[in-house]
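**Student:** using only what follows, build the 3D model:
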Amino acid sequence: MSAAAPNDNFFNLSDLRILILEDFEFMADLMTSMLRKFKIQRIYSTCTEAEARDFLTRYCAEDSGESQIDLVITDLLPPKHEGLKFLQWIRSNKSENIRYIPVMFCSAHTSQSVVLKGRDVGASEILVKPLSAEKLAHRLQYIIDNPRPFIKSPNFKGPDRRRKKTALTFNERRTRTCEDIKVIHEAR
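**Tutor:** Numbers count the residues shown, from 1 in each chain. From the prediction side, this is the model:
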């Protein structure tokens with residue numbers, strides 16, 4: 001097993017189309033080079049939120065005839081919190097070709113509040129810097145292996161935030177019956 005392939009079921013990623021929003025050119029180049037090692041050829045890079053919005057608007061237009069982007073990778077907190085603003089724009093976009101794109105936040109700032117903020121605005125995954133090809137491959141494969149349903153509610157738009165898969169049980173949790181409670185209240 002190679003360092004880049006997390007397990008024997010690693011996918012052929014050559015047809016993926018990925019957009020990177022990264023304000024540091026060397027980091028964008030590093031991610032691009034790692035993604036190319038996975039045989040991904042269609043990698044687009046922007047360094048501002050405005051460029052990324054413009055790119056997605058043009059590339060993912062309903063009538064453009066172009067294929068949509070399969071994944072966006074963005075720094076969570078580039079200057080002016082553009083990654084968060086960009087994800088909010090994606091999740092509230094009127095075009096389904098944009099709204100449902102998986103978004104991977106990539107950040108060196110991984111305090112609990114930052115991670116929760118990313119999750120709460122609709123991030124699909126969060127990748128911690130410093131990057132490695134192995135970590136990037138694992139996150140890509142996780143997104144492919146574990147698609148989560150998209151939730152749209154008044155307070156949240158994005159992939160379901162719950163990760164645990166637990167079986168629902170309908171066992172009665174109460175140990176007292178209504179009659180027991182009535183007796184307790186009468187005794188007071």
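
**Student:** pLDDT on stretch 151-161, on average?
**Tutor:** The pLDDT scores in stretch 151-161 average 81.

**Student:** end-to-end on it?
**Tutor:** 9 Å (C-alpha to C-alpha, to the nearest Å).

**Student:** list the buried residues of that stretch.
**Tutor:** 157, 158, 159 (16 or more other C-beta atoms under 10 Å). C-beta coordinates here come from the backbone N, C-alpha and C atoms, glycine included.

**Student:** that stretch: how far from the chain's middle?
**Tutor:** Distance of stretch 151-161 from its chain centroid, counting by C-alpha atoms, centre = their mean, to the nearest Å, is 12 Å.

**Student:** and the most centrally placed residue in the chain, what are its phi and psi?
**Tutor:** What sits nearest the mean C-alpha location of the chain, by C-alpha atoms, centre = their mean, is residue 124, with 1.6 Å. When read as degrees, to the nearest 10, the backbone of residue 124 gives phi -80, psi -40.

**Student:** the one 3 residues further on now?
**Tutor:** The main-chain torsion angles of residue 127 are listed as degrees, to the nearest 10 and equal phi -120, psi 130.

**Student:** which residues does it contact?
**Tutor:** 73, 104, 105, 106, 107, 135, 136, 139 (C-beta atoms under 8 Å, 6 or more residues apart in numbering).

**Student:** perfect, I'm done here.
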